[in-house]
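# generate coordinates for the sequence data below:
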Amino acid sequence: MSAARHLSHLLRGSWFRRLFAVRVASQLTDGVFQTALASYVIFSPEQQPSPSAIAETLAVVLLPFSVLGPFVGVFLDRWSRRQVLALANFARVGLVGVLAIGVAADLRGTGLFALILVSLSVNRFLLAGLSASLPHVVSAEDLVTANAVTPTAGTMAFLAGLALGTGSRFAWPALGIDADVGVLALASLLYGVAGLLALRIPRELLGPDFAPDRPAVREAVRHVARGLMDGLRHLAERRPAAYGLAAIGAHRFFYGVSTVALILLYRNYFHDPSESDAAFADLSVAILVSGLGFFAAAFLTPVVTDRIPQRSWIVILLVCAAVTQLFPAALYTRPALLVAAFFLGLASQGIKICVDTLVQVHVDDAFRGRIFSLYDVIFNVAFVAAAAVAAAVLPPDGRSYAVLGVLAVGYLLTALGYARITRGDRIVRDGTPPATG
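Here you go, the predicted model:
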C-alpha cells in the first residue's frame with residue numbers, strides 16, 4: 001500500500017482522528033506553556049545563561065523523570081489509557097494556573113523549579129500514553145504512516161504553540177497583564193480543552209489489553225524493579241526494538257549538545273546581553289525551521305520506507321546529521337544555522353518515526369507501556385548527559401569547531417554501528433515482522 005493510501009485510510013478512522021486531536025491539542029498547549037518558561041527562566045533580561053546554567057536547568061527539569069518513568073509504565077499497563085490522557089490534561093489546568101500565580105509573584109529558585117517539575121512530570125504520562133495507545137486505533141500495516149503523522153503533527157502543533165505563545169506575549173501587556181502570566185493562563189485554558197477532547201474516546205478503547213497473569217497495581221508498584229527487569233528481558237528478545245532504542249539514545253545525546261550550543265549562539269554570540277527579546281525571537285525562528293524538517297520527515301519517511309528497509313533509512317539519516325555538523329553548521333552564520341536546523345530536524349524526526357514503529361510492532365502490548373516509558377527515560381537521560389558534557393566543553397558563546405567535529409564523528413560511528421548490528425534482522429518495510437513457521 002502506498003504512503004498516500006495509508007494516510008487516506010488513517011484519516012477515515014474516527015478513533016484515530018480523536019486520538020490525533022488529543023495529541024495535537026496537548027502538544028500545541030505544551031508549546032504555549034514552554035514559551036512562557038523559556039522567556040521567564042532563560043531569556044529574561046536579568047539572565048545571561050552559561051553552558052553550566054543550561055545544564056543545571058535541564059537536570060532539574062528532566063532527571064527526575066528517570067525515576068518517575070518506570071512507574072509511568074506500570075500504570076499505563078494497568079490503567080485505562082483514555083483516563084490517563086484526560087486526567088493528565090485536567091491536572092495541568094490547575095498546575096499551570098498555580099505556576100502563573102507564582103510567576104506573577106516573581107517566584108524564583110527552588111519553588112519555581114518544583115512547580116515546573118510537577119507540571120512537566122504529568123506530561124510523561126500523556127506522551128507515553130499517546131504512543132502506547134496508537135496500535136489500538138490503527139492496523140499494523142498503517143503504523144509507519146501513523147507514526148509519521150501523529151508525532152510529527154504533534155511537533156508541528158508544539159511549534160504552532162510556540163508561535164502562539166510568542167505572539168500572545170505582545171498582546172497581554174496591552175490588557176494590563178504581565179506577558180508571561182498571560183501566556184501561562186492561556187496554556188491552562190488550552191489544557192482543559194485537550195482533556196475534554198480525550199473524553200470523546202471510549203474508556204476501554206485504548207487498552208491496556210487484558211493479561212490475567214499481570215499483578216495488581218499496588219503489588220506492581222512494590223516490585224517496580226522486577227517489572228523493569230521483565231520489560232528489559234522482553235526487550236532483549238525483541239532485537240529490532242532494542243537496537244532502535246540504542247540508536248535514538250545516541251542521536252539524542254548528540255542532538256542535545258547541538259541544542260545547548262544553539263541556545264548559547266543566539267543568546268550570547270549573535271546578540272548582546274541586553275538584547276534578550278531579539279535573541280528569543282531569532283531562536284524561535286530557528287526552532288520553527290527545525291520544525292519544517294520534522295514536517296518533511298513525516299512525508300518522506302513513509303515514502304522512503306515503502307522502498308527501503310527502516311534500518312537503511314535510519315543509517316542514511318544518521319549520516320545526514322553527521323554531514324550537517326560539518327557543513328553548513330561550521331560556517332557559524334545565521335543562514336547556515338537555519339539550514340543545519342532543518343536537516344537536523346529531518347534526521348531527528350525521521351529516526352524517531354522508525355524507532356516508534358519498531359517498538360510498537362515488536363513489543364507485546366502487555367509490555368508496551370513500560371517500554372515506552374523506558375524510551376522516554378532514554379530521551380531524558382541522553383539529553384541531560386549531553387547538556388552536562390556541553391557545560392564542560394562549550395565556550396559561553398557556544399562556538400566550537402572541535403565540538404562540531406566530535407559530533408560529526410559520533411554520528412558516523414553510530415550509523416556504522418547500527419548498520420552492523422542490524423545487518424541480519426529481517427523486517428518488512430512497513431514495520432511488520434516477517435511471518436515465521
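
# L413 and L245, how far apart?
17 Å (C-beta to C-beta, to the nearest Å). (Each C-beta comes from the backbone N, C-alpha and C, glycine too.)

# between the two, who's got more neighbours?
The neighbour count for L413 versus L245, taken as other C-beta atoms under 10 Å, is higher for L245 (19 against 13).

# which element, helix or strand, includes that one?
helix 239-264 (DSSP states H and E).

# mean confidence for that helix?
Average pLDDT, helix 239-264: 94.

# which secondary structure elements does that helix sit against?
helix 51-62, helix 224-236, helix 276-305, helix 310-326, helix 334-362, helix 365-393, helix 401-421 (3 or more C-beta pairs under 8 Å, 6 or more residues apart in numbering; DSSP states H and E).

# tell me which residues are up against the shortest one.
Yep, that's helix 51-62 we're talking about. Residues outside helix 51-62 that contact it (C-beta atoms under 8 Å, 6 or more residues apart in numbering): 41-42, 47, 49, 113, 116-117, 120, 260, 263-264, 380-381, 383-384, 387-388, 390-392, 394-396, 398.

# burial count for S274?
Applying other C-beta under 10 Å, I find that S274 has 10 neighbouring residues.

# who's in contact with the residue lying closest to L292 once chain neighbours are set aside?
The shortest distance from L292 to any non-neighbouring residue, by C-beta to C-beta, 6 or more residues apart in numbering, is to F342 (5.8 Å). By C-beta under 8 Å, 6+ apart, the residues touching F342 are 289-290, 292-293, 296.

# with A279 instead?
A279 sits next to 43, 266-267, 270-271 when contact means C-beta under 8 Å, 6+ apart.

# any idea how far it lies from D272?
As defined by C-beta to C-beta, A279 lies at a distance of 9 Å from D272.

# any idea how far V103 lies from R267?
For V103, the distance to R267 - C-beta to C-beta - is 20 Å.

# swap in S133?
On the measure of C-beta to C-beta, S133 and R267 end up 38 Å apart.

# number of nearby residues for A179?
20.

# surely V98 and L115 touch.
Yes: if you go by C-beta atoms under 8 Å, V98 and L115 touch, sitting 6.3 Å apart.

# more crowded one of the two?
Taking neighbours as other C-beta under 10 Å, V98 and L115 compare with L115 leading, 19 against 14.

# okay, now the unreliable bits of the stretch 151-300 of the chain?
For the stretch 151-300 of the chain, residues meeting the criterion pLDDT under 70 lie at 210-225, 227.

# Throw the contacts of F342 into JSON lines and include neighbour count, thanks.
Output for the contacts of F342, formatted as JSON lines (neighbours: other C-beta atoms under 10 Å):
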{"residue": "V289", "neighbour count": "18"}
{"residue": "S290", "neighbour count": "24"}
{"residue": "L292", "neighbour count": "16"}
{"residue": "G293", "neighbour count": "21"}
{"residue": "A296", "neighbour count": "17"}
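
# check which helix or strand A163 maps to.
Using DSSP H and E, A163 sits in helix 143-171.

# list the buried residues in that helix.
Buried residues in helix 143-171, defined by neighbour count with 16 or more other C-beta atoms under 10 Å: 143-166, 168-169.

# ok, T357 to L205 distance?
Taken as C-beta to C-beta, the span from T357 to L205 is 21 Å.

# alpha carbons of stretch 244-255, in PDB - could you do that?
Extracted in PDB, the C-alpha atoms of stretch 244-255 (Å, rounded to 0.1, in the frame of the first residue of the first chain):
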ATOM      1  CA  GLY A 244      16.400   1.200  17.600                       C
ATOM      2  CA  LEU A 245      16.300   2.500  21.200                       C
ATOM      3  CA  ALA A 246      20.100   2.300  21.300                       C
ATOM      4  CA  ALA A 247      20.400   4.300  18.100                       C
ATOM      5  CA  ILE A 248      18.000   7.000  19.100                       C
ATOM      6  CA  GLY A 249      19.600   7.300  22.500                       C
ATOM      7  CA  ALA A 250      23.000   8.100  20.800                       C
ATOM      8  CA  HIS A 251      21.300  10.500  18.500                       C
ATOM      9  CA  ARG A 252      19.600  12.300  21.400                       C
ATOM     10  CA  PHE A 253      23.000  12.800  23.100                       C
ATOM     11  CA  PHE A 254      24.500  14.500  20.000                       C
ATOM     12  CA  TYR A 255      21.300  16.400  19.400                       C
END
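
# residues touching the closest residue in space to T152 that isn't next to it in sequence, list them.
Among residues not flanking T152 along the chain, A298 sits closest, at 3.5 Å (C-beta to C-beta, 6+ apart). Contacts for A298 (C-beta under 8 Å, 6+ apart) come out as 148-149, 152-153, 349, 353.

# repeat that for A104.
When contacts are counted by C-beta under 8 Å, 6+ apart, A104 touches 178, 181.

# quick check: pLDDT value at it.
In this prediction, A104 carries a pLDDT score of 90.

# cool, and V377?
At V377, the model reports a pLDDT of 79.

# number of residues surrounding it?
Neighbours around V377, by other C-beta under 10 Å: 24.

# all strands of the stretch 1-150 of the chain, in order?
In the stretch 1-150 of the chain, no segments count as strands under DSSP state E, counting those that start in this stretch.

# show me where it has helices.
3-12, 14-41, 51-62, 64-76, 81-104, 110-133, 143-171 (DSSP state H, counting those that start in this stretch).
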